[in-house]
Every structure is written in C-alpha cells, then in structure tokens.
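Enquirer: Sequence and computational prediction follow.
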Amino acid sequence: MRIPHLSLLAVAGWTAVILAAPFPPHLDQPLLGPPPEPPARPLALPRGAELAGAVVTPVTVTPSSREESRNFFNTVYAASNNASPAWNGAYETCEAGTTAASFREAVVRRINYFRAMAGVPADVALAAEYNDKAQQAALMMSANTNLNHYPAPTWLCYSSAGAEAAGKANLAIGTLGPEAIDGYMEDPGEFNASVGHRRWLLYPQTRLMGTGDVPGDASRYAANAVWVLDNNVFGARPATRDDFVAWPPPGFVPYPLVFPRWSLSYPNADFTKATVTVTQNGSPLAVQVEPASVGAGENSLVWVMPDVLFAGSNSHPPTSADVAYAVEVAGVKVGNATRSFSYVVTVFDPARPGTDTVRPSITGPATVQVGQPASFTFTPVPKADAHEARLSRSVALNITEGAEDNLINFDRDVSPGYPVVVSSPRYSGSYAMRLTHLSPARPQVLTYRKTLLPAANASVTFRSRLGYASEGQHARVQVSTDYGGSWTTIYSQSGTSTAGESSFQSRTASLAEFAGRSLLLRLVYDYSGGPYYADTATHVGWVVDDLRFINCAELTVPMVVTVPAGNTFNIVPTAAVAHVLEVRALVFGGLPLEWGPAFPLAVQNGPVLSVALDVPALVNGQLHINFTATATTPTTQFTLLRRANVASGEWTTDASATLVKLGGASFRFVTPPPLGAAFFKVRAQ
C-alpha cells in the first residue's frame, strides 16, 4: 500500500496535512495468477511475426565466463530498461490499442536475455496475431483488477480474442513490459511454487510469442499478458547448452536475477524421488523442495533457498565478492535410468569488474598537430563485434547548476503534473530543482547532459532537502560509465516517514574511483516498495540546489571513429586545445560497453602536411613519380592513386607502386607504366 494522498490546509499561519485514501492501493510486487495450462492439441500457425532485426537475431552467451555474463547483463538486459509503452488505447471505450514497436522489442529482448542465459534457443520473435490478442487480454485484466485464464463474458472490456489470449498467456497486474518478464522469472506468490510462468518462458521449443501491455491509471493497475503457447509447443526439443534447463543457470549470474525459488527442468523426467543439495563454501544449506511438477513447459523440480540468504527480499542481496553455490539434484528418473545433475551457480555483482575484465587502453603519441593524422593502438576486448574510438575536447567544468536556466542542461524523465523547477524552497538564487512521486510511483530522473571527466580528487557537491518521504523513497545521485547502460549509486538518502529536513543540508559524493573515465550523472528520486508519500506540495519529496563539480572536466565536441576490425585507428584533430581519446567495444550485435581509460592528448598548431608532385619520368622501363612532402611525422603514410580519366572515375590504389625515400622531404613512387592514359595523385595521411 502507499501512504494516502497528501493535500494541504493552511490555518492561521501553519500548515496541516490532510489524508485521503486513493484507489487503487499500491502493489508491493506484481500479482501473478497460476500459469496457463498446456494445450490439448497443436495450435495453428499465427498470421505473422515481427522480424525486427537484432531483436530476433539469435543471441548466445557463455555464463561460465564472468566477463561475458557481466557484459551481457550490462548491454542486452540493460538495453530493455526504461522503454516507454506509448499506449494509445482507452479504458472508457475498451479500446485495447497498441504499444510502441520499441516497447515490444524491449519485451522480447528481455525474454531472449533470460533464454540465452538459461542455454535455450534465444531467437523468439513476436507474432502480430499474438500481440493483438494479448493486448486485449491485458486490457481485460487491468479493467477488472483481476487475473483469470478463463474470463467470463460479463467481464469489463471482454472480447473473445482477449479471452483466447488469456488462456495461452502468462498474466500479471501491477507491472508491464520488461519488468513483467522479470516478475514471471521470479514467479512469486502462493500459486507459483511450480514456477510455471518461468518454465513457459524458458520452454526450448517456443519460437513465437506475443506481448500485450497497458500502463494503468489512477484507478487501475498496469497489466501484462505474454502469449507463450505457439504452434511449436509439441515440436521436437532443440539442443540446449546444458541438456537440462535451470534457473539460476550454471555459471556467473547477476545477483538481481537470482530469486528465492530455484528450478531445474528436464523433458519427461520423474522428479518424485529427487533430492537437492546446495553447498556454499563446502557447507550445506537448508533447502525446501517443492512437490515435483508437470503441466507447464518441461517437467521440473523447484526448491526454495534459505531466508538467511534472501532475508525476505525477492532477489539475492548485493555481493562485494562472488559467491559460489554448488548444486546437486540426484535421484531423477529419466526413462529407465536414474540421473544426477551437478553444477555451480556463482552469484556476482555486474557493476564490479572482474579479473577477466578488459578495458581498451590506448597507446600512441602524447602530442599531435592540428590537421595532421595520428595513429593509435588499443587493447581490444575479446569477442567484440567492433570498437569505437572517440576524440573529445577537454575543458574545465566551472558551473553551478541550480535551475536558474530552467534546467537546460538536464534531460527530464518525470511524471507529468508537478513543477520540477521551484522558487521555494531554494538554497540560493531564484530557483531549485525538485523531484516527487505521484500515483503510481515511478522513478523521477534528471540526467545531466554534459559528459564528465573526473580527476583523482574529484567530487560532486550539492545542497539537499529531503522532505516528507518514506523508508521506501530514496534520493540518489548516480553515475554511468557506459553512457547510460547501467548506473552506480554514489549518494543515497532514504526517507524517514516524517516531515524530513526543514532546511538544506550540504552533501558531497566522491568521484575518485572513476578518475580518468568519462561519466554521465543523474539525480534519481526512487521508490523500492512499501508505503510512500505522493503529492505536488513542495515540502514533499526531494529538492536540490547548487550542484557543483569539483576537479572535473567536461568532454565536448566528440568525434567517433568506428574500428570494424583490428586494434588501430587514425584521428585528425582540428583545434589546438586539450583533448581526450577513449575506446569502447561493441558487443552482442553492436551494443556498446563502457568507455575505456581516457588518454590525454595535447594538440598543437604546426605546419600543415602538404605534397607537391614533379613531372613523372620513364626510367629503365619504370615510371618514376617524384614528390616532396612537408610537415610529415614518423607515422605519415603515402599511397599512390590512379585513374584513367582526369575528370571522372574512381581513384584506385596502385598496388604495384613502391615507395622510395630519397632523403629529407623528397620521396619517389616507382610503378610500371600504364598501357594507356593514366592520371596519378599521392595521398598522405
């Protein structure tokens, strides 16, 4: 539930808080009903599938590699965060509408992330017919504030297509989109001891799914329906990485996705006499084994890990060091044989680099000239699709952000209905920035547009006033080294369910651990569950003023060069100012990792590289093309180009040409004479 809505009443110079209860109450976690039942007979092929490029390109990952699993989470999983549904339906007319294509892509990307981690084919596509019907099912669940795989015709916004989808879909209220997929994988609640929703998402045979999502409003919950039963439900089982299918799977698994219920699935297996042993550092842990389950996806065994690990949370706690759990499931009957399955799950923090982390470090000249090409090399990231190099100008960041300019340097992702720029309260100047929660609560975010480069002793300082806020409401400052793919909290303050602070407090957050690495920064007013305060009144929520950056530079005028292969690149700076070079890898279909360490680069004015050709001469049956070049560097390279027509045609490299250094600034290309007319030029870089 949430704290009832706050409104204000001024009486004789003082302000009192009046409470009024809104509808619906907040859900601390999504509500899931039981999973859908398997069909009695094969299903017809749907009308069509959305083959949306990289969304359905098969993705694979090797969780036995910590760094590969870390990168997979920080790119593929993170890429489906913060998608906007852009729903165009209406409750009043029971119009199911649609969601944005990018939102549906985020949903299927999240599904394929989990499937790839579990080692089953991760190329699920969305069928248009399934999407349409699932959208109607989601509207029905939201409109009726209820879940049912067999809704009655008397339901609000009932449709036969929606009812059909309800019987073939995972259903949830209180969540939607990629977050709903996380909820199905967790599978909480009394009806889900068999984790049937998870098993359908990880069913190896599935090739087509559909998603329907509605965001809810002030009186209705958000809802999701994921159609999980396709025409291949009775098809042959494809190969899986580990033969069995487990969650969490063998290998390195990010701690936020390790849930209290663990499971192992195997086709047609008899788990009725199976036992489960889990040890941590050689010490056995108490586990509660659920009754063996059939009927949803593949036959499965589920066990609940001890509360000492999860402490009532819905996911594994953060880990300062990797934690390994050895799992053995014994006594599994498969046909006439009895089998055992042994594997190790290592829970880790994907924000923490490991010993196998490679950040592209750059080597090359520390000083270059304006307009002159310079060559650099870097340490490549293993298994990268390609790399990108970025050249930026570096200037001191001497600025105070206090909303005096209406936050022109910030991107806003906030709920509509309240002012983010306020004149009171404020610490200095005329304005301050303010974040609060409305109903339903969602993160309120101000992202700073400038790219920061902190020095060794860098920090961010600000004046903060956290007013009415509950223990589940948090004021945070976060930074990202991968351009917003993932965020690390450097400052956090939770509410106290009281009036909070009556004046501004001086706060400081260190950036020292990020020295020499480019950053984005954002202010987040977050919500983690439980009661919360929601109001537009300025003494509710978080107010920030006088945000300053100490010992930080700003990176401007970025120029990005793609390095499709290899580990070398050239740049040509255009201004005699301090610069910084960085390299990052593109992985899993072109998703960017974090930028590597910044390479300071001094750029000076100097003579301009120029080339002057002499008249070619025929010597001993070879064509001699002499030229002089000024302002060369040790890395300057020359190429002889030719074409048959002086005014048109493509210049091609003369591969037969040999370069001879004559001394000083004089050079010669030697090449066989052309059979007909030919024109030559020399390229220097």
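Expert: That came through, no problem.
Enquirer: pLDDT weak spots in the protein?
Expert: Across the chain, the ranges flagged by pLDDT under 70 are 1-29, 48-56, 312.
Enquirer: Show me which strand runs longest in it.
Expert: Looking across the chain with DSSP state E, the single longest strand is strand 542-563.
Enquirer: Could you list the buried residues of the helix or strand that that strand is followed by?
Expert: Per DSSP states H and E, strand 542-563 leads on to strand 568-571 as the next helix or strand towards the C-terminus. For strand 568-571, the neighbour count (16 or more other Cβ atoms under 10 Å) marks 569, 571 as buried. All C-beta atoms are positioned from the backbone trio N, CA, C, and that covers glycine.
Enquirer: Can you name every helix or strand that strand 568-571 contacts?
Expert: Secondary-structure packing of strand 568-571 (3 or more Cβ pairs under 8 Å, 6 or more residues apart in numbering; DSSP states H and E): strand 374-378, strand 386-396, strand 542-563.
Enquirer: Recalculate using a threshold of 6 Å.
Expert: Other helices and strands packing on strand 568-571, by 3 or more Cβ pairs under 6 Å, 6 or more residues apart in numbering; DSSP states H and E, are strand 374-378.
Enquirer: tell me which element Pro440 is part of?
Expert: For Pro440, there is no host helix or strand (DSSP H and E).
Enquirer: again with Arg522
Expert: Residue-wise, Arg522 maps onto strand 520-527 under DSSP H and E.
Enquirer: was I right about Lys333 contacting Asp270?
Expert: Yes. The criterion here is Cβ atoms under 6 Å, and Lys333 meets it with Asp270 at 3.9 Å.
Enquirer: quick one: common contacting residues for these two?
Expert: Counting by Cβ atoms under 6 Å, 6 or more residues apart in numbering, no residue touches both Lys333 and Asp270.
Enquirer: all helices of this structure, in order?
Expert: Along the chain, counting by DSSP state H, helices occupy 66-72, 101-118, 128-144, 160-166, 177-186, 196-201, 307-310.
Enquirer: out of those helices, which comes closest to Gly566?
Expert: If you check each of the helices of the chain against Gly566 by Cβ to Cβ, helix 66-72 wins as the nearest, at 20.3 Å.
Enquirer: Would you mind writing the CA trace of that closest one as CSV?
Expert: Once non-C-alpha atoms are left out, helix 66-72 reads as follows in CSV (Å, rounded to 0.1, in the frame of the first residue of the first chain):
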residue,chain,number,x,y,z
ARG,A,66,32.2,-13.9,-15.7
GLU,A,67,33.1,-11.0,-18.0
GLU,A,68,30.9,-12.3,-20.9
SER,A,69,27.9,-12.7,-18.4
ARG,A,70,28.7,-9.2,-17.0
ASN,A,71,28.8,-7.6,-20.4
PHE,A,72,25.6,-9.5,-21.4
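Enquirer: Need the residues that contact it.
Expert: Helix 66-72 is contacted from outside by 61-63, 252, 350, 354, 356-357, 587, 593, using Cβ under 6 Å, 6+ apart.
Enquirer: Now for Thr556: which residues touch it?
Expert: Arg393.
Enquirer: if I look at it, how far off is Val287?
Expert: Remark: distance between Thr556 and Val287 (Cβ to Cβ, to the nearest Å) = 55 Å.
Enquirer: Name the nearest residue to Phe348, ignoring sequence neighbours.
Expert: With Cβ to Cβ, 6 or more residues apart in numbering as the criterion, Phe348 has its nearest non-adjacent residue at 4.5 Å, and that residue is Asp322.
Enquirer: Can you get me a residue count around that neighbour?
Expert: For Asp322, the tally of surrounding residues (other Cβ atoms under 10 Å) stands at 14.
Enquirer: Point to the residue nearest the middle of the chain.
Expert: Residue closest to the average C-alpha location in the chain (Cα atoms, centre = their mean): Ala78, at 1.6 Å.
Enquirer: any idea how far it lies from Thr652?
Expert: From Ala78 to Thr652 the distance is 44 Å (Cβ to Cβ).
Enquirer: ok, of the contacts of helix 66-72, which one's closest to Ser313?
Expert: For the contacts of helix 66-72, the residue nearest Ser313 by Cβ to Cβ is Pro350; the value is 17.3 Å.
Enquirer: Surely the closest one touches Val253?
Expert: No. Applying Cβ under 6 Å, one finds Pro350 not in contact with Val253, separated by 9.5 Å.
Enquirer: burial measure for Arg261, as a count.
Expert: Count around Arg261 with other Cβ under 10 Å applied: 20.
Enquirer: got it, and Ala246?
Expert: Neighbour number of Ala246 under other Cβ under 10 Å is 22.
Enquirer: partner residues bridging the nearest residue to it once chain neighbours are set aside?
Expert: By the measure of Cβ to Cβ, 6+ apart, the closest residue to Ala246 outside its immediate chain neighbours is Leu264, 4.6 Å from it. For Leu264, the beta-bridge partners are Ala246, Leu301 (DSSP bridges).
Enquirer: And the closest residue to Ser610 other than its chain neighbours, how far from Gly354?
Expert: In space, and not counting its chain neighbours, Ser610 is closest to Thr630: 5.2 Å by Cβ to Cβ, 6+ apart. From Thr630 over to Gly354 the distance is 50 Å, taken as Cβ to Cβ.
Enquirer: Neighbour count: the two, which is higher?
Expert: Set Thr630 next to Gly354 and count neighbours by other Cβ under 10 Å: Gly354 wins out with 15 against 12.
Enquirer: gap between the more buried one and Asn605?
Expert: Gly354 is 44 Å from Asn605, where distance means Cβ to Cβ.
Enquirer: next one: Gly183
Expert: Counting by Cβ to Cβ - Gly183 and Asn605 are separated by 59 Å.
Enquirer: Looking at those two, which one has more neighbours?
Expert: Taking other Cβ under 10 Å, Gly183 and Asn605 do not tie; Gly183 has more neighbours (24 against 10).
Enquirer: For the more buried one, give me its contacts.
Expert: Applying Cβ under 6 Å, 6+ apart to Gly183 gives the contacts 30, 172, 175.
Enquirer: Show me the beta-bridge partners of the second one.
Expert: It stands for Ala172. Beta-bridge partners, per DSSP bridges, of Ala172: Leu32, Asn224.
Enquirer: re earlier: ok, of the contacts of helix 66-72, which one's closest to Ala515?
Expert: Distance to Ala515, by Cβ to Cβ, is smallest for Thr357 among these, at 17.0 Å.
Enquirer: Measure how buried the closest one is and give me the count.
Expert: Using other Cβ under 10 Å, Thr357 has 14 other residues around it.
Enquirer: Ok, the one 5 residues further on next?
Expert: Counted with other Cβ under 10 Å, residues neighbouring Ile362 total 20.
Enquirer: Was I right to think it contacts His579?
Expert: No. Using Cβ under 6 Å as the test, Ile362 is too far from His579 to be in contact (11.9 Å).
Enquirer: quick one: contacts for the residue lying closest to Glu179 once chain neighbours are set aside?
Expert: Counting by Cβ to Cβ, 6+ apart, Glu179 lies nearest to Pro30, which is 7.8 Å off, once chain neighbours are set aside. Pro30 makes contact with 172, 174-175, 183, according to Cβ under 6 Å, 6+ apart.
Enquirer: and the two most separated of those?
Expert: Top of the distance list for the contacts of Pro30 (Cβ to Cβ): Gly174 and Gly183, 8.4 Å.
Enquirer: From Asn398, how far out is the closest residue to Thr367 other than its chain neighbours?
Expert: In space, and not counting its chain neighbours, Thr367 is closest to Ala602: 4.5 Å by Cβ to Cβ, 6+ apart. The gap separating Ala602 from Asn398 is 21 Å, by Cβ to Cβ.
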